[in-house]
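Asker: A predicted structure for the sequence below; I have some questions about it.
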Amino acid sequence: MELVWVTLASGLAGFVDAIVGGGGLVLVPALFAVYPAAAPATLFGTNKGAAVWGTAWATAQYARRVTMNWATLVPAAAAALACSFAGAWLVTQVSATGLRRALPFILLAVLVYTLVRKDLGRTHTPGSSARREAVQATGIGALVGFYDGFFGPGTGSFFVFLFVRVLGYDFLHASAAAKLLNTATNVAALALFASTGHVWWPVAATMAVANVLGSLLGARLALRHGAGFVRGVFIAVVGALIVRTGWDALRL
């Protein structure tokens, strides 16, 4: 039954993650609830062992239906991968307590900005030159990739928001770009956890199947209903992240 519960949670996480990110909000608490005696690093590693397949599958689904600027996104994904690994190393050297306390307020600012700017992310209007867009996207990949390695909650949502706000993407194109970069950060984190033996591969493999199935459904819904639907899910997920991270911060 333990495996059944985390597999169901993995499917739901894949569904949410494929639309707008935030799948860790579902799967990580489920793993901690089902396996309370396990080492946290092992649960995080097992989560990444499942999530990487869902984000990779969602990237492939979006790439078939949404125009993706590979000249912009490939260097951004490379920066995300490298900086995620650097962030994961740094968290072994210093505490992330300060960031945990600040995160609910950062997310609240993102939510308020999105709600106030009702037209934000509804149209796809990148305004930068190709070179500038690539530089900006690489900076986003580096910044959020480092954050994912160092701490992690809400990584996909931060990618989506910054692609919308900085590059002028609509929510659908931003979500597609976020999936590629999130796949890169998941690969980096998984490599680090696997190298130290912190992945339950049989559990991760079972969860990965469910994660991919959930991802397939989520990506199809996002592609069918467009940027307005993704924006609505984004607002809901960020709201849930504020509640969750705020509760965690109060318990520090």
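Answerer: Everything's here; your move. Numbers count the residues shown, from 1 in each chain.

Asker: Only C-alpha atoms from now on, for both contacts and neighbour counts.
Answerer: Will do.

Asker: which residues touch the residue lying closest to residue 205 once chain neighbours are set aside?
Answerer: Ranked by CA to CA, 6 or more residues apart in numbering and with sequence neighbours excluded, the top spatial neighbour of residue 205 is residue 50, at 6.5 Å. Contacts of residue 50 were listed using CA atoms under 8 Å, 6 or more residues apart in numbering, and they are 10, 204, 205, 206, 207, 208, 209, 211.

Asker: what's the most distant pair in these?
Answerer: The distance between the two most remote of the contacts of residue 50 (CA to CA) is 10.8 Å, for 10 and 205.

Asker: higher neighbour count, those two?
Answerer: Neighbours per residue, other CA atoms under 10 Å: of residue 10 and residue 205, the larger number sits with residue 10, 34 against 16.

Asker: Would you enumerate the residues in contact with the more buried one?
Answerer: Residue 10 sits next to 26, 27, 50, 51, 207, 208, 210, 211, 214 when contact means CA under 8 Å, 6+ apart.

Asker: how close does it get to residue 172?
Answerer: Per CA to CA, to the nearest Å, residue 10 is found 23 Å from residue 172.

Asker: how about the helices in this structure?
Answerer: Taking DSSP state H as the criterion, the chain carries its helices at 2-20, 24-34, 40-65, 70-90, 97-116, 130-150, 155-167, 171-195, 201-250.

Asker: what inclination does the second one have with respect to helix 40-65?
Answerer: Spelled out, that is helix 24-34. Helix 24-34 runs at 150 degrees relative to helix 40-65, counting by axes from the mean of the first three to the mean of the last three CA atoms, to 10 degrees.

Asker: for helix 24-34, packing partners?
Answerer: Contacts defined by 3 or more CA pairs under 8 Å, 6 or more residues apart in numbering; DSSP states H and E place helix 24-34 against helix 2-20, helix 40-65.

Asker: follow-up on the earlier one: nearest to residue 124 among the helices of the chain would be which one?
Answerer: Per CA to CA, nearest to residue 124 of these: helix 171-195, 7.4 Å.

Asker: what comes up buried for that closest one?
Answerer: Of the residues in helix 171-195, 171-194 count as buried by neighbour count, 16 or more other CA atoms under 10 Å.

Asker: one step back: go through the contacts of residue 10 and name the one nearest residue 1.
Answerer: So of the contacts of residue 10, ranked by how close each gets to residue 1 (CA to CA), first place is residue 207, at 13.3 Å.

Asker: Can you get me a residue count around the spatially closest residue to that closest one that is not a sequence neighbour?
Answerer: Distance criterion CA to CA, 6+ apart; nearest residue to residue 207, sequence neighbours excluded, is residue 7 at 4.7 Å. The local packing of residue 7 (other CA under 10 Å) involves 25 other residues.

Asker: Please apply the same query to the one 10 residues further on.
Answerer: Close neighbours of residue 17, defined as other CA under 10 Å, add up to 32.

Asker: was I right about it contacting residue 157?
Answerer: No: Residue 17 sits out of contact with residue 157 when judged by CA atoms under 8 Å, with a separation of 9.0 Å.

Asker: What does the pLDDT read for the residue nearest to residue 207?
Answerer: In this prediction, residue 7 carries a pLDDT score of 95.

Asker: how close does it get to residue 14?
Answerer: Remark: distance between residue 7 and residue 14 (CA to CA) = 11 Å.

Asker: how close does residue 41 sit to residue 3?
Answerer: The spacing between residue 41 and residue 3, counted by CA to CA, is 18 Å.

Asker: oh sorry, the question was meant for residue 184
Answerer: Distance, residue 184 to residue 3, by CA to CA: 27 Å.

Asker: again, but for residue 229
Answerer: Applying CA to CA, the value for residue 229 to residue 3 is 32 Å.

Asker: And for residue 129?
Answerer: 49 Å.

Asker: Many thanks, have a good one.
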